[in-house]
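let's see this in three dimensions:
(one chain, ligands or ions: 1)
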Amino acid sequence: SQMAPTTAAAGSDDEASSSALLALLLRVQTEALGTLGPGGDFDPKMYVDLPLATDERAAAAALPPASPGPSREELASYLARYFGEPGSDLVEADPPDFEAEPRGFLPRVESPAARAWALQVHALWKELARRVAPGVAARPERHTLLPLPGRVVVPGSRFREVYYWDSYWVIRGLLVSKMYDTAKDIVLNLVYMVEKYGFVPNGARSYYTNRSQPPLLSSMVLEVYGATGDVEFVRRAFPSLLKEHSFWMSEIHNVAIKDSHGQVHNLSRYQARWNKPRPESATIDEELASKINSIADKEKLYHQIASTAESGWDFSSRWMRNSTDMTTLATTYILPVDLNTFIFKMERDIAVFAKLLGENATSEKFLEASKARHIAIDSVLWNSEMEQWLDYWLPTDGDCQKGVYNWKSESQNRKIFASNFIPLWLNAYPSGSVQFADAAKSERVMASLQNSGLLCAAGIATSLTNTSQQWDFPNGWPPVQHLIAEGLLHSGSEEATRLAEDIATRWVRTNYATHKATSAMHEKYDVEACGKFGGGGEYKPQTGFGWSNGVVLSFLEDFGWPEHKEIDCPRRGEVVLAGTQSG
Ligand SMILES: OC[C@H]1O[C@H](O[C@H]2O[C@H](CO)[C@@H](O)[C@H](O)[C@H]2O)[C@H](O)[C@@H](O)[C@@H]1O
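Residues are numbered from 1 along each chain as shown. The predicted model follows:
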């Protein structure tokens, strides 16, 4: 059954004052839309990011009346008088662990062009590093930004705050850049939020505390521990990992399902605690919901929209009953392949850390939990005909006895998405010598990927359907390239290693060419051709960009770049490796 959505989990005093601020900012956002009109420079997120420069009541009293609404000049002078610039509550932080060319940086990158560019990407950490201004903790009621104790690295452009899952790839890049202290700070900020909210919010803003994002905190701890050997750091983070696991096991996320042999499995889904428009996109969500008449149905749509944002894939035909109609989002009825992959990894990581800290019973318990989830993933999500893992769609008609659903083969979604291959990533983290998918199965999954149509000229497409949503064709996203390529690299066969390197090469080249042409790193790329950044979705293409920088640095570390390997885009008609489309 669907959980009744509530508001954020923050403390009540904080909540009351932050909701007064948010209510004001949402009024400003609506008036700004009226004044500026959609398109152009109007971005609804900017208005909920404005820090108050004065008392909230004074600012609320001075807001020009909604009708007839302020002129452009009146709006600008109102904003200048009562608010700071968006992003001004984060201050620049010169990270002390940054060096222009760290010792031992990318030893296998021999090509001068690749090396010079990698150093430019590395230098972007300085641009993206920030600290939360001390005024935020002193007067939290004036900021939607959440105070954080340590240094942060933001994705860039409109994404002025920390994001949960982006941080995993930011950390992978920082470790290549030998910025261990900054990497630790990022993890400890997330730990601080778990201590405060019981989970890691989507991002470090009060309006993001109604949901999380793909859970990769344990993976961040594991990578930092692998690079530094710092057991005390693991000890500090460990209680928060247990707390986060309980959040994902709670009734809003956990679903029981009985397979065809009568065995009951537990798997997880995304579900936000929110049934209103997303504040950062409220005008957009309201416009979409205007097609719907009843308040109850609007609330259901808002709940699905926020739950989709929890998935990180906002938005995609993956979550829609009808791929051309966003009002058919049904994310809370889906058991996603990638979410369950990440929670399996979390359980395994916790088992490893518990053992390291001498908590053997806890280690055993989490090892068992991970084994049970492995069986659940193989029973519920695996499809042996397609040789892929598929999202499972729950029925909406209440066909569920005592909270347990009955598995049906036709409920697996047979459409092809890059997420169907994400469990391959687990091959990079074997338990002893045992891989998540054995050599024979990994080979079959790889063949299925090669025949899927997802492998394109400049990387792996998100899906096969162009819906103009940003998590669909023709966009390719950095995290997806990295998870699949790392999985292939550790799958054991020479062919898988070659395919991993081929994907990484295409990705690095398209990032390089686009950087050369636009002087920027982009949040997503159009994989149809080398050298194109991505588009679609509800906001303009963004640059910066945290996870993109992390992924190229990590690929360059994993695969190197020999002296004479071309880094420019291949010229038209040049040979393309078998199993991939020329795009
Ligand atoms: O403002 C709209 C949405 O923006 C974010 O989503 C996108 O950017 C994030 C930061 O890079 C990324 O983590 C996410 O995968 C992207 O889809 C935000 O996370 C959403 O909650 C927000 O509604």
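
can we go C-alpha only for contacts and neighbour counts from here?
Will do.

residue 157 touches residue 541, doesn't it?
No. If you go by Cα atoms under 8 Å, residue 157 and residue 541 don't touch, sitting 9.4 Å apart.

tell me which parts of this structure are close to the ligand?
Within reach of the ligand by Cα under 6 Å from any ligand atom, the chain has these residues: 155, 163, 165, 166, 202, 280, 281, 309, 312, 313, 314.

any chance of those in CSV, with distance to residue 484 too?
Output for the residues of the chain next to the ligand, formatted as CSV (distance: Cα to Cα, whole Å):
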residue, distance to residue 484
155, 21
163, 21
165, 16
166, 16
202, 23
280, 31
281, 31
309, 22
312, 17
313, 16
314, 20
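
would you write a PyMOL line that selects the buried entries of those residues?
A single PyMOL command is used to select the members of the residues of the chain next to the ligand judged buried by 16 or more other Cα atoms under 10 Å:
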select buried, resi 155+163+165+166+202+280+281+309+312+313+314
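
among the residues of the chain next to the ligand, which are in strands?
Within the residues of the chain next to the ligand, no residue falls in strands by DSSP state E.

which of the residues of the chain next to the ligand sits closest to residue 21?
Distance to residue 21, by Cα to Cα, is smallest for residue 280 among these, at 13.5 Å.

looking at it, the closest one is touching residue 50, isn't it?
No. Assessed by Cα under 8 Å, residue 280 is found out of contact with residue 50, at 11.3 Å.

now do the shared contacts for the two.
Applying Cα atoms under 8 Å, 6 or more residues apart in numbering, one finds that no residue jointly contacts residue 280 and residue 50.

in the protein, which residue sits closest to the ligand?
Nearest residue of the chain to the ligand (Cα to the nearest ligand atom) works out as residue 312 at 3.7 Å.

what stretches of the stretch 251-400 of the chain score poorly on pLDDT?
Scanning the stretch 251-400 of the chain for pLDDT under 70 picks out 398.

so where do the helices sit in the stretch 401-550 of the chain?
Taking DSSP state H, counting those that start in this stretch, the helices of the stretch 401-550 of the chain run over residues 439-450, 478-489, 494-518, 546-559.

now do the contacts for residue 84.
Counting by Cα under 8 Å, 6+ apart, residue 84 touches 50, 51, 52, 53.

any chance of those residues in CSV, plus secondary structure?
Listed next are the contacts of residue 84 as CSV, based on DSSP: H, G, I helix; E, B strand; the rest coil:
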residue, secondary structure
50, coil
51, coil
52, strand
53, coil
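
pick the one among those residues closest to residue 273.
For these, the nearest to residue 273 is residue 50 (24.0 Å; Cα to Cα).

is it correct that the closest one is in contact with residue 85?
Yes. Using Cα under 8 Å, residue 50 makes contact with residue 85 at a distance of 6.3 Å.

compare those two (neighbour count), which wins?
Using other Cα atoms under 10 Å, the more surrounded residue of residue 50 and residue 85 is residue 50, with 25 against 15.

for the helix or strand containing residue 307, packing partners?
Using DSSP states H and E, residue 307 falls within helix 295-310. Helices and strands touching helix 295-310, as assessed by 3 or more Cα pairs under 8 Å, 6 or more residues apart in numbering; DSSP states H and E, comprise helix 282-289.

which residues sit against the helix it packs on?
When contacts are defined by Cα under 8 Å, 6+ apart, helix 282-289 is touched by residues 26, 29-30, 33, 44, 277-278, 298, 301-302, 326-327, 538.

in the helix holding residue 307, which residues are buried?
The neighbour-count check on helix 295-310 (16+ other Cα under 10 Å) flags 298-310 as buried.
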